[in-house]
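Visitor: Okay, here's the prediction I keep looking at, along with the sequence it came from:
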Amino acid sequence: MYMPLDAVRALFAQMAAAAPRSWVAFTWLEPLANGRPGFRRPSRLIDVWLRWRGEPFLSSKARTGLASFLDSIGFVLQMLDTSGDLLKGAEVTERPIEGEYVALASAVRLG
């Protein structure tokens, strides 16, 4: 989410070529209704803090398009959950980030 989509595509393609048996876990943002990347419940405080840190959100991808995006660059989506799904049943003091999901992909085709 901190890199333009073309840079993400190039990075994953390079990883698949350099390490053909690699696995990668990453977080991603679902696009907002206006198409921009961001949290489902935006906060002015978080927006200001991210700008201050120099961490703008530059890309996002809908859950429904992630598998084909990864496939086009040499990876296979193995697991996809929201942050909240991964925390179900866990005792946490903070709520998960809405609109963020966690993915696991492999450059190895299983099966």
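Guide: In hand now; what should we look at?
Visitor: Point to the residue nearest the middle of the chain.
Guide: By Cα atoms, centre = their mean, the chain has its centre lying nearest to Trp28, at 1.6 Å.
Visitor: ok, that residue touching Phe57?
Guide: No - contact between Trp28 and Phe57 fails when scored by Cβ atoms under 8 Å: they sit 10.6 Å apart. Any C-beta I mention is one placed from the backbone N, CA and C, and that applies to glycine too.
Visitor: Which neighbours do the two have in common?
Guide: Common contacts of Trp28 and Phe57 (Cβ atoms under 8 Å, 6 or more residues apart in numbering): Met1.
Visitor: on that earlier part again, send me the helix or strand hosting the residue nearest to the centre of the chain as CSV with only the CA atoms.
Guide: Using DSSP states H and E, Trp28 sits in strand 23-29. Extracted in CSV, the C-alpha atoms of strand 23-29 (Å, rounded to 0.1, in the frame of the first residue of the first chain):
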residue,chain,number,x,y,z
TRP,A,23,6.4,-17.5,0.0
VAL,A,24,5.4,-14.0,0.9
ALA,A,25,3.0,-12.7,3.6
PHE,A,26,1.8,-9.2,3.2
THR,A,27,-1.0,-6.8,4.2
TRP,A,28,-3.1,-4.9,1.7
LEU,A,29,-5.9,-2.4,1.7
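Visitor: Which SSE is immediately downstream of the lowest-mean-pLDDT helix or strand in the chain?
Guide: Using mean pLDDT, DSSP states H and E, helix 83-87 stands out as the lowest-scoring helix or strand of the chain, at a mean of 68. Remark: after helix 83-87, the chain's next helix or strand is strand 100-106, criterion DSSP H and E.
Visitor: and that next one with strand 23-29, angle?
Guide: Going by axes from the mean of the first three to the mean of the last three Cα atoms, to 10 degrees, strand 100-106 is angled at 160 degrees with respect to strand 23-29.
Visitor: Tabulate the CA atom coordinates of strand 100-106 in PDB.
Guide: The C-alpha trace of strand 100-106 is given here as PDB (Å, rounded to 0.1, in the frame of the first residue of the first chain):
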ATOM      1  CA  GLU A 100      -7.000  -4.200   5.600                       C
ATOM      2  CA  TYR A 101      -6.400  -7.800   4.800                       C
ATOM      3  CA  VAL A 102      -3.600 -10.300   5.200                       C
ATOM      4  CA  ALA A 103      -2.500 -12.500   2.400                       C
ATOM      5  CA  LEU A 104      -0.100 -15.400   1.900                       C
ATOM      6  CA  ALA A 105       1.100 -16.200  -1.600                       C
ATOM      7  CA  SER A 106       3.600 -18.600  -3.000                       C
END
